[in-house]
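K.L.:
A structural model of the following input is requested.
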Amino acid sequence: MFLILTLALVGCAEKSGEAVDTADTTLRGATGGDDGGPGGAGGDAGGDAGGDAGGDAGGDAGGDDSGTTDPLDEDVEIPELGEPVGSPLAGTTWRVALSSMDITEPPGLGPLIPTLIDEDAILFNVTWASEDSFGMQVGLGIDGGQVPCESVEELPAADFSENPLWVIPETSLTLSSGSDPVVIEHAEMMGILSPDGLSWTWATLRGRVDSRAFTEDAEEDGIDICGFLEELGGECVACDDGVEACITLVVDSMSAEEYGGVFDPDANDC
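P.N.:
Numbering: from 1, shown residues only. Have a look, this model is predicted:
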């Protein structure tokens, strides 16, 4: 899914002529705040003096001197869980309409997606399920069906021990994009299922995609991915190796309905 959204971003850059000239409970604790962040020697005084995000000597762990925080360090607020799922999940396919996604990072990307790419959904197929976990494959959807000859990706197993909440814990993923592997750092996803297991009442995802897998092809087409991000109001940030080539992707919320078609796990074999 991170790969699909990143490809959507690249597709937006290719098709937009404006920016090509030159991814109650908390999933992860925030490292900053008015108190200057955990470990801040100044506490509230250090955070308030340095900025709302706690960016001074009293709160360097929570932000920088400009008062900014990493979106991936912010808490995820999980809605009320509701009743547990009592139906088998294996074989279920969920359809997430791109229009249902509240994309907060990169800013400005959400409204562009439906106008600049043809695909309108992401499909999640449950390949296996046990009492406390399940596996999923992901493909693209269009006009109520599945896009043929497009990549189908396997996701890490989802923890389902807190049914109806499922969680793919923070991990590093390597997904395929043609012949080039795409690395997603700090990738994580979670959601809540309806009691019948046929829909998501809520879900979120976040991660940091290394854009270097796309850079060579993009540059050949005259596309500056990081420049396009700046046009949207965002920026490329440092990857784990320190190179500023990563794209932060955050979807604060989305929903899914049962997919009425047949999911083809071999859709990319054409």
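
K.L.:
so Leu229 touches Val237, yeah?
P.N.:
No: using CB atoms under 8 Å, Leu229 is not in contact with Val237, being 9.5 Å away. To be clear about C-beta, it is placed using only N, CA and C from the backbone, and glycine gets the same treatment.

K.L.:
more neighbours, the two?
P.N.:
Of the pair Leu229 and Val237, Leu229 is the one with more neighbours under other CB atoms under 10 Å, namely 24 against 18.

K.L.:
so what's the more buried one up against?
P.N.:
Leu229 makes contact with Leu9, Pro106, Glu235, Cys236, Ile247, according to CB atoms under 8 Å, 6 or more residues apart in numbering.

K.L.:
what about the nearest residue to the second one once chain neighbours are set aside, neighbour count?
P.N.:
Counting by CB to CB, 6 or more residues apart in numbering, Pro106 lies nearest to Gly234, which is 3.7 Å off, once chain neighbours are set aside. As a burial measure, the neighbour count of Gly234 was computed by other CB under 10 Å and equals 19.

K.L.:
try Gly222
P.N.:
Using other CB under 10 Å, Gly222 is surrounded by 11 other residues.

K.L.:
what's the spacing between it and Glu216?
P.N.:
When CB to CB, to the nearest Å is applied, the distance between Gly222 and Glu216 equals 13 Å.

K.L.:
what's opposite Met136 in the beta bridge?
P.N.:
Taking DSSP bridges as the rule, Met136 bridges to Val126.

K.L.:
name the helix or strand for Ala245, please.
P.N.:
Assigned by DSSP states H and E, Ala245 falls within strand 244-258.

K.L.:
got the buried residues for that strand?
P.N.:
Across strand 244-258, burial judged by 16 or more other CB atoms under 10 Å covers Ala245, Cys246, Ile247, Thr248, Leu249, Val250, Val251, Asp252, Ser253, Met254, Ser255, Ala256.

K.L.:
who's in contact with the closest residue to Trp128 other than its chain neighbours?
P.N.:
In space, and not counting its chain neighbours, Trp128 is closest to Gly135: 4.9 Å by CB to CB, 6+ apart. Contacts here follow CB under 8 Å, 6+ apart; on that basis Gly135 touches Val126, Thr127, Trp128, Ala129, Glu154, Leu155, Ala157, Ala158.
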